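**Student:** Pasting the sequence and the predicted model now:
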Amino acid sequence: MQNFKLFFKILNRYKGQMIMFVGIFASVIISVTKSNSASGDATSYMSRTVQYALFDEDQSVLSGAIAAYLAESQELVENIPNEKRALQDAIYNGDIDCSLVIPAGFGDALLAGDGQEDLQIVTYADSQEAVLFETALDNYINILANYLQLGYDAENAVIQANRVMDLTVDVTFPDGGEVKDFNPAHFFFIYLAWVMIMIIVNGVGPVLSAFKEKECSRRIYCSSCKFSSLQGSMYAGMAVLGTVLTIFFAVLGSIIVGKNVSLNRILLYGVNLLCYTVVALSLVFLFSAITRKQAVLSMLANVVSLGMSFICGIFVPMELLSDGVEKAAHFLPAYWYGQAVELADKGLMGKEFMGCLGIELLFAVAIFVVAAVVNRKNA
Amino acid sequence: MFGHIFKNAIKVAVREKTSLFWSFIFPIVLATFMFIAFGNIMEKDELFHEIPVAFVKEEGASLGLSYMLEAMGEGEEAMLSVQTVTAEEAQKLLDDKKVEGIIYEDGCKLVVLKESMNSTILEEILLLYKQNETVMMDMLASSTMQLAEDAASVPGDLEELVKGMTERATYYKEVHFTEGSQNKYYNYFYAIFAMSCLFASFSAMSSIGRIQADCGALGMRRNMVPTHKMLTIVAEFTALLLIQFLAEVIALGYMALLGMDFGSRIPFILLILFFGVSIGLAIGTIVGSVKKIPEAGKVGICVAVGMVLSVLADLCVGGLKHQLELHAPIINRINPAALITDSFYSLGVYDDYGVLFRNVATLGIETVILLVIAYLMVKKSRYKEL
């Protein structure tokens, strides 16, 4: 009990630091969640569109028709200047996927059966968006050209081409297809895989290091207190702290993103977060057994939390990573946390979900055992 | 005296083996993780490749769609990789994620596993077929008279016409403004450099602690000697700058070995890293100069500052920096991490050095301001007894 109280006395000394980390990372996760939030769960197929800038230097009937068709089928972004640097920045920043210049005289050239390679598209080389945009654009102009060849004048060729463009294709998902459009709750809770380790290692690390300060540790070890009792007190202190942090973030999550999320799902996210918090606590226990230097603790926290986040599908969807990376990620707790978040997204609390939690806890136990052994050796 | 302090500062830094090890290993380990995650993501996520698709034919249907898909799967610039299979086989291929969609000739339908740019391209291709079919019908209708006069040219079905339609005119040409890398995932690697530069603050924070009398016996001894504080700060700073800059250069070499393309303007990259490390050390110097905060607290402040600035420069999730650029550009103009990542970007993409020099100058000015403030804080310290 004495050591348990001591844990919180030391924590109280570092409370400013703890509050600072919780505040900073809570702000970071809220802003990241807001910037990544999708509009909601998709239930039917929606075509993707390309964001583009248009510079119509021709201003003819035909160029107007092309502009109107693109504006209807793709996403026009206005107020982008037709300057090299502005376009480079806009493409790099994701404001647009490409830009199109319709040069003066293009309409006349098309009427004369010419105009090939007159249009200028600025884009990334071989990007998917460029292929889609170019396919749609070429398709429309070819159809216009066909009607012009049939003898229609410009206005009537446009009417005919637009009639053809009204055709649609039936696109469906198979039964049980992966309709995946992450909701804000997903982003909030998935990023906690990174945030929780950062907060706990940077916040609890100094407390555990204080226990290992020469004077403090010698006084403890020369007392009648057993080594197992000391370890137990620390575990208990960390368990209380971990539970408080989990409840804090679960409540914060339900406030920030819980408007359209059921209580059941919030509970699933919360239980998963609690298990992952145990992993984070086991990591800080291990790190503090390895080093007492705060700077090194911090670097370890960064390497482990960021490293796992990058290769376990926390920062980028797992499907974008290679098969080899996915296989390797199975050996890291953040992967199972991410899998459990995805199951919680669907409100599924079956064997699979429980399995993910079990694996997270097994990781935590394994790390705690290693840390206890290292602590014992260093005692 | 400068040389003496400089030499000893190097010795102290080298003897702090754990900290030194992590200073060198930190960016390398992070870059490795990031390379594993993002090394091929641009290739996989952004670039266009042939779309694998299953095609289910309908008995007795015209060959128009079949010909068009076949034509689109041929040549160096093929758009599709088509497998003609039965409905059951197609479903299995889709379930196994071997194809991105199934095209059913019956009704010209498309089934996809998920929404993606490729699924929309497949949709566009089917639309192309249906639209061209309609155009063909219009062409046939409008030229009935001529066809009747010349029976030899009457097509039995649309197949020949469709084959002709696949040889369409191309009305655009693609332009790429830069030969440099516009791979947006590179920004994550730039942000690693930014963070590891800012984390140089740890060593500067410890270093400044060693010249403060209330932080230990060494500080007491150093306060008793009549050396100018500014000289001490500059000498310590220069020694750490050398070591941390070396760590960044090694990280740069390592990333180049991994295959990262940072372009050919290496001297300017070194310039960015030099000023990046400088600002990191300056932040550590000023944090270390603050009194009445325990070392753990100072480390916490350095971590918090480094992390927040790096996150705002898109370390974890892309798009934050751009949002700031739209709504609060001043933050990007002064955030050292954003200045570092922007400098890398400008070097890779722009032909001129305007942005690079502006950013580097800002980093330099920030460094000088922080060092002067730190000096004034340390200079003010007076001790009744040592």
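**Tutor:** Alright, I've got the coordinates.

**Student:** close to chain B, is the longest helix anywhere in chain A?
**Tutor:** As assigned by DSSP state H, the longest helix anywhere in chain A is helix A:227-257. No - Helix A:227-257 lies out of reach of chain B by C-beta under 8 Å from any C-beta of the partner chain, never closer than 15.6 Å. (Glycine included, C-beta is placed from N, CA and C.)

**Student:** Would you indicate which residues of that helix are buried?
**Tutor:** A:229-231, A:233-235, A:237-238, A:241-242, A:245-246, A:249-250, A:252-254, A:256-257 (16 or more other C-beta atoms under 10 Å in any protein chain shown).

**Student:** Send me stretch A:266-284 as PDB with only the CA atoms.
**Tutor:** Extracted C-alpha coordinates of stretch A:266-284, given in PDB (Å, rounded to 0.1, in the frame of the first residue of the first chain):
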ATOM      1  CA  ILE A 266     -18.500   3.200 -28.000                       C
ATOM      2  CA  LEU A 267     -18.300   0.400 -25.400                       C
ATOM      3  CA  LEU A 268     -16.500  -1.800 -27.900                       C
ATOM      4  CA  TYR A 269     -14.000   0.900 -28.800                       C
ATOM      5  CA  GLY A 270     -13.600   1.500 -25.000                       C
ATOM      6  CA  VAL A 271     -12.900  -2.100 -24.100                       C
ATOM      7  CA  ASN A 272     -10.500  -2.400 -27.000                       C
ATOM      8  CA  LEU A 273      -8.700   0.800 -25.800                       C
ATOM      9  CA  LEU A 274      -8.500  -0.500 -22.300                       C
ATOM     10  CA  CYS A 275      -6.700  -3.700 -23.500                       C
ATOM     11  CA  TYR A 276      -4.400  -1.600 -25.600                       C
ATOM     12  CA  THR A 277      -3.700   0.700 -22.700                       C
ATOM     13  CA  VAL A 278      -2.500  -2.400 -20.800                       C
ATOM     14  CA  VAL A 279       0.000  -2.900 -23.700                       C
ATOM     15  CA  ALA A 280       1.100   0.700 -23.500                       C
ATOM     16  CA  LEU A 281       1.700   0.300 -19.700                       C
ATOM     17  CA  SER A 282       3.600  -2.900 -20.200                       C
ATOM     18  CA  LEU A 283       5.800  -1.000 -22.700                       C
ATOM     19  CA  VAL A 284       6.600   1.800 -20.300                       C
END
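
**Student:** so where's chain B uncertain?
**Tutor:** Residues of chain B that meet the criterion pLDDT under 70 lie in B:39-47, B:60-63, B:142-167, B:178-183, B:381-386.

**Student:** Swap in 50 and give it another go.
**Tutor:** B:145, B:151-157, B:161 (pLDDT under 50).

**Student:** what's the answer for chain A, then?
**Tutor:** Within chain A, the ranges that satisfy pLDDT under 50 run A:39-42, A:176, A:178-179.

**Student:** Show me the residue sitting in the middle of it in space.
**Tutor:** Against the mean C-alpha coordinate of chain A, by C-alpha atoms, centre = their mean, the closest residue is A:F315 at 4.1 Å.

**Student:** What is the burial count for the nearest residue to that residue once chain neighbours are set aside?
**Tutor:** Ranked by C-beta to C-beta, 6 or more residues apart in numbering or on different chains and with sequence neighbours excluded, the top spatial neighbour of A:F315 is A:S309, at 5.0 Å. Number of residues near A:S309 (other C-beta atoms under 10 Å in any protein chain shown) recorded here: 25.
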